[in-house]
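A.B. asks: Model the following, please.
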Amino acid sequence: MPTKIIILAAGKGTRMKSALPKVLHPLAHKSLVGHVIDTVNTLSPEQVTLVVGHGADRVKASITQQVTYVEQTEQLGTAHAVSQATGTINDDDTVVVAYGDVPLTSAETFAKLHALASPTQIGLLTVTMDDPHGYGRIVRDTAGKVTGIVEQKDATDEQRAIREINSGMLSANGAVLKTLLSQVDNQNAQNEYYLTDIFKLGVAAGHTIATVQPDHEWEVAGVNSRTQLAELERIHQLNIANELMESGVTLRDPARIDVRGQLDTGMDCSIDVNTIFEGHCRLADNVSIGPNCVLINANIGPGTTVHANTIIENATVSSGCSVGPFARLRPGTELGDGARIGNFVETKNAVIGLGSKVNHLSYVGDSDVGNNVNVGAGTITCNYDGANKHRTVMEDDVFIGSNTALVAPVTVGRGATVAAGAVIARDVSANVLAVARTKQKEITNWERPVKNKKTD
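C.D. replies: So this is what the prediction gives:
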């Protein structure tokens with residue numbers, strides 16, 4: 001039977017105190033609803049329908065996954081929200097209802113919930129909590145069968161003592177769900193159409209309510225405040241940290257790593273504290289990442305060490321390299337095997353060859369640097385003329401002295417040496433020494449300026 005997913009994402013999220021719709025708030029750099037969409041897609045659904053309301057246009061503009069939208073223009077309750085999507089449901093569909101502000105439900109839990117639905121049975125995801133205050137309680141008869149769900153405000157004292165609560169997530173046959181939704185009314189303390197009422201109605205119609213629980217309580221935790229968002233962020237990051245360690249990565253402190261995308265790792269990698277990974281990063285075998293680094297879409301080759309406080313973005317680093325500390329590799333940087341980028345060095349759109357070194361206080365941008373090149377401290381490639389970018393070429397075995405400015409477009413030939421303090425604005429031939437300095441002068445009887453005296 002085809003699978004259809006309905007995700008409720010129409011709420012405003014007043015307690016977030018934000019102009020941003022609640023479901024778009026980021027967790028690990030992905031929106032809350034983005035997490036939900038990606039996870040339910042593991043069920044290979046025929047269709048995912050997002051019920052939007054508050055900030056609908058902004059939500060639609062932000063979602064990159066393939067979904068169908070329906071709009072809930074009035075906030076009349078969860079049953080009313082689901083009913084807005086019934087036009088997308090066929091009678092023989094298996095329907096799973098999820099929530100756009102509950103980001104950490106596992107694919108395994110959704111699969112178990114999905115498997116419960118049939119024309120005679122409704123699936124319900126429940127959790128047993130030490131403190132169930134505020135949640136709808138699962139009411140069972142003496143035989144343990146679910147007879148319904150009662151909301152906190154409508155519950156008796158005896159019902160409030162029940163610790164098994166409703167997560168809000170369910171699975172049902174399409175025809176059954178549509179029939180039951182049509183019977184829900186708003187005769188309750190909130191004057192809302194509760195989705196939970198379908199279980200009482202389902203029991204009355206002879207359907208069985210089958211329950212399943214997730215492995216972890218946080219799988220059904222929703223986000224209603226910045227505090228709850230931060231709590232789930234830490235849970236999510238610790239889950240990733242545990243997966244990394246189980247795969248053979250050494251983390252100096254599992255509580256101080258943030259993976260805001262996808263991190264692929266080889267064997268025997270080591271990651272120090274306060275490191276952030278964004279986008280899709282890859283660490284090959286025996287990579288060592290120092291503390292306080294930021295890697296964004298970075299590809300790091302085997303045996304490379306990235307030292308403290310280094311930023312690598314959209315760059316490729318080959319094997320056996322050393323980068324940092326306090327280095328910045330900007331987009332388009334490619335380091336060959338054994339290359340060294342030292343402290344306070346910035347590169348951009350630069351290809352740096354095998355064994356080449358840029359060790360101190362330099363900027364190398366829009367450049368092709370050959371093999372075994374040494375770039376001295378304070379070297380700058382002057383690649384921008386105010387309108388266009390130009391490339392600098394340093395061929396193999398070039399030695400660039402300290403405090404050199406290379407004014408692009410310019411080529412320094414193979415084996416050439418550029419003396420310290422030079423300004424190179426013309427091509428340098430191979431195997432020569434290039435000196436470009438003004439003649440040193442000494443001016444006698446020179447007096448150093450002094451500050452003017454202050455007057456009252």
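
A.B. asks: Can you give me every residue that contacts E219?
C.D. replies: By CB atoms under 8 Å, 6 or more residues apart in numbering, the contact set of E219 is L104, T105, S106, T109. For glycine as for every other residue, the C-beta is placed from the backbone atoms N, C-alpha and C.

A.B. asks: Just the buried ones out of those residues, please.
C.D. replies: Buried members of those, counted by 16 or more other CB atoms under 10 Å: L104, T105, T109.

A.B. asks: nearest to T94, of the residues you listed?
C.D. replies: Lowest distance from T94 to the buried ones among the contacts of E219 (CB to CB) belongs to T109, with 15.8 Å.

A.B. asks: Quick check: next helix or strand after the helix or strand hosting the closest one?
C.D. replies: Using DSSP states H and E, T109 maps to helix 107-115. Once helix 107-115 ends, the next helix or strand along the chain (criterion: DSSP H and E) is strand 121-128.

A.B. asks: Only C-alpha atoms, please: export that following strand in CSV.
C.D. replies: What follows is strand 121-128, C-alpha atoms only, in CSV (Å, rounded to 0.1, in the frame of the first residue of the first chain):
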residue,chain,number,x,y,z
GLN,A,121,-5.8,-1.1,13.5
ILE,A,122,-4.5,2.4,14.3
GLY,A,123,-0.9,2.9,15.3
LEU,A,124,0.1,5.3,18.2
LEU,A,125,3.5,6.4,19.4
THR,A,126,3.5,6.7,23.2
VAL,A,127,6.1,7.4,25.9
THR,A,128,6.2,6.6,29.6
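
A.B. asks: Pull out the buried positions in it.
C.D. replies: Counting neighbours by 16+ other CB under 10 Å, one finds that the buried residues in strand 121-128 are Q121, I122, G123, L124, L125, T126, V127.

A.B. asks: Dump these to TSV, plus distance to N41 and pLDDT.
C.D. replies: Shown next, in TSV, are these (distance: CB to CB, whole Å; pLDDT from 0 to 100):
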residue	distance to N41	pLDDT
Q121	24	97
I122	23	97
G123	19	97
L124	22	97
L125	18	98
T126	24	97
V127	23	96
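
A.B. asks: Q262: which of the residues you listed is nearest?
C.D. replies: Distance ranking of the buried residues of strand 121-128 against Q262, using CB to CB, places L125 first at 27.0 Å.

A.B. asks: quick one, domains of the protein?
C.D. replies: As given by automatic domain parsing, the domain ranges for the chain are 3-220, 250-434.

A.B. asks: Looking at the contacts of E219, which is nearest T305?
C.D. replies: Closest approach between the contacts of E219 and T305, by CB to CB: L104, at 33.8 Å.

A.B. asks: S247 contacts G266, correct?
C.D. replies: No - taking contacts as CB atoms under 8 Å, S247 lies outside contact range of G266: 9.3 Å.

A.B. asks: Who has more neighbours out of the two?
C.D. replies: Higher neighbour count among S247 and G266: G266, with 17 against 12, using other CB atoms under 10 Å.

A.B. asks: contacting residues for that one?
C.D. replies: For G266, the contact set (CB under 8 Å, 6+ apart) comprises L283, A284, D285, N286, V287, P302.

A.B. asks: The closest residue to G353 other than its chain neighbours and A419, how far apart?
C.D. replies: Nearest non-adjacent residue to G353, counting by CB to CB, 6 or more residues apart in numbering: N371, 4.0 Å away. The gap separating N371 from A419 is 22 Å, by CB to CB, to the nearest Å.

A.B. asks: same question, I63
C.D. replies: Separation of I63 from A419 (CB to CB): 58 Å.

A.B. asks: One more: Q237?
C.D. replies: 51 Å.

A.B. asks: likewise A111?
C.D. replies: As judged by CB to CB, A111 and A419 stand 69 Å apart.

A.B. asks: Which one of these two is surrounded by more residues?
C.D. replies: A419 (17 against 13).

A.B. asks: Tell me which residue lies nearest the centroid of the protein.
C.D. replies: In the chain, the C-alpha nearest the mean C-alpha coordinate belongs to R260, at 2.9 Å (CA atoms, centre = their mean).

A.B. asks: excluding its backbone neighbours, what's nearest that one?
C.D. replies: Residue nearest to R260 in three dimensions, not counting chain neighbours: H29, with 3.6 Å by CB to CB, 6+ apart.

A.B. asks: in which helix or strand would I find A81?
C.D. replies: Here A81 is assigned to helix 78-83, by DSSP H and E.

A.B. asks: Can you verify L244 is assigned to a helix?
C.D. replies: Yes - applying DSSP: H, G, I helix; E, B strand; the rest coil, one finds L244 inside a helix.

A.B. asks: Quick one: residues contacting it.
C.D. replies: By CB under 8 Å, 6+ apart, the contact set of L244 is L251, I257, V259, L263, T265, I271.

A.B. asks: What about these, which one has the most neighbours?
C.D. replies: That'd be I271 among the contacts of L244, by other CB under 10 Å, with 30 neighbours.

A.B. asks: Who is that residue paired with across the strands?
C.D. replies: Beta bridges link I271 to L251, I289 when assigned by DSSP bridges.

A.B. asks: cool, and the one 10 residues further on?
C.D. replies: The residues paired with C281 through beta bridges, assigned by DSSP bridges, are L263.

A.B. asks: cool, and I7?
C.D. replies: In this structure, I7 bridges to L50, A98 when assessed by DSSP bridges.

A.B. asks: So it is in contact with V102, correct?
C.D. replies: No - here I7 lies out of contact with V102, judged by CB under 8 Å, at a distance of 9.5 Å.

A.B. asks: Residue ranges in the stretch 51-200 of the chain under the pLDDT threshold?
C.D. replies: The stretch 51-200 of the chain contains no residues with pLDDT under 70.

A.B. asks: For H114, the count of nearby residues, please.
C.D. replies: Neighbours of H114 (other CB under 10 Å): 19.

A.B. asks: gap between it and E108?
C.D. replies: Note on H114: its distance to E108, by CB to CB, is 11 Å.

A.B. asks: What does the pLDDT read for D456?
C.D. replies: Note for D456: predicted pLDDT of 65.

A.B. asks: Which residue ranges of the stretch 51-200 of the chain form helices?
C.D. replies: Listed from the start of the chain, the stretch 51-200 of the chain has helices (DSSP state H, counting those that start in this stretch) covering 56-62, 78-83, 107-115, 157-160, 174-181, 197-204.
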